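Asks: this is the structure alone, sequence omitted:
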């Protein structure tokens, strides 16, 4: 498996501001994903972040609103820019461990960041 | 389009009972993987069990087992001897072999284990 941490675990932000969420993995991983989860609902994929290339965004999500960095194989950040109350959600990162020792197709998740925008 | 359907928004059972959560999916692919994830109130998403479509044998992990019916495109999760700690949202998810590891998620089933 993989041990994944996220910072902050929760935050309350003013509308119009930006928040950067960090995702740290205890080992090198090829692929990382960022998800949004509205309260009581399922997960929606925001983007896929691979080291050394631009993030790939899903329909409805744009880089200006959710810029992502992936500076190395153990770390990524997601920024929620110019926030509005509609951005209030849980944001989760996940990784695929494509290394020896486990099935390459399993995803492991961070503990999530609960964001409230007022 | 590939979809995952969980038809039970919420279920509740008594502790120690057995409960089955249903999941159906739709795909024209033949090579894919199915997963059940658990998300307790702490919101940590935990992989419970996985099933490779090419395997006929149903996966089992301790008290958790699946009933994989490939022809019917059904992938139910059975929890035996349920415990209070099993209270959580359970998500069924699906991934094709050529999907670049992207998961397609069901809407989730809220499971409550009553003492």
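Replies: Received it, and whenever you're ready, just let me know what you need. As the structure is a computational prediction, the values presented were derived from the model and not from experiment.
Asks: residue B:110 and chain A: what is the separation?
Replies: Distance of residue B:110 to chain A, given as CB to the nearest CB, to the nearest Å: 8 Å. (Each C-beta comes from the backbone N, C-alpha and C, glycine too.)
Asks: likewise residue B:85?
Replies: 17 Å.
Asks: the nearest residue to residue A:28 once chain neighbours are set aside: neighbour count?
Replies: Closest residue in space to residue A:28, ignoring its immediate chain neighbours: residue A:73 at 3.8 Å, by CB to CB, 6 or more residues apart in numbering or on different chains. By the criterion of other CB atoms under 10 Å in any protein chain shown, residue A:73 has 16 neighbours.
Asks: what residues are up against residue A:73?
Replies: Shown in contact with residue A:73 (CB atoms under 8 Å, 6 or more residues apart in numbering or on different chains): A:28, A:29, A:30, A:51.
Asks: how much space between it and residue B:87?
Replies: From residue A:73 over to residue B:87 the distance is 36 Å, taken as CB to CB, to the nearest Å.
Asks: then residue A:14?
Replies: 35 Å.
Asks: re earlier: can you lay out the contacts of residue A:73 as TSV showing neighbour count?
Replies: Formatted as TSV, the contacts of residue A:73 follow (neighbours: other CB atoms under 10 Å in any protein chain shown):
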residue	neighbour count
A:28	14
A:29	21
A:30	14
A:51	16
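Asks: measure stretch B:47-62 end to end?
Replies: Stretch B:47-62 has an end-to-end distance of 13 Å (criterion: CA to CA, to the nearest Å).
Asks: show residues contacting that stretch.
Replies: The contact list for stretch B:47-62, computed with CB under 8 Å, 6+ apart, reads A:103, A:106-108, B:30-38, B:64-68, B:70, B:75, B:77, B:90.
Asks: where does the prediction get shaky in chain A?
Replies: Low-confidence regions of chain A, defined by pLDDT under 70, span residues A:1, A:98-104.
Asks: please identify the residues of it in proximity to chain B?
Replies: When proximity is defined as CB under 8 Å from any CB of the partner chain, chain A approaches chain B at A:31, A:33, A:41-43, A:45, A:48, A:90, A:92, A:94, A:96, A:103-109, A:111-112, A:114.
Asks: fine by me, thanks again.
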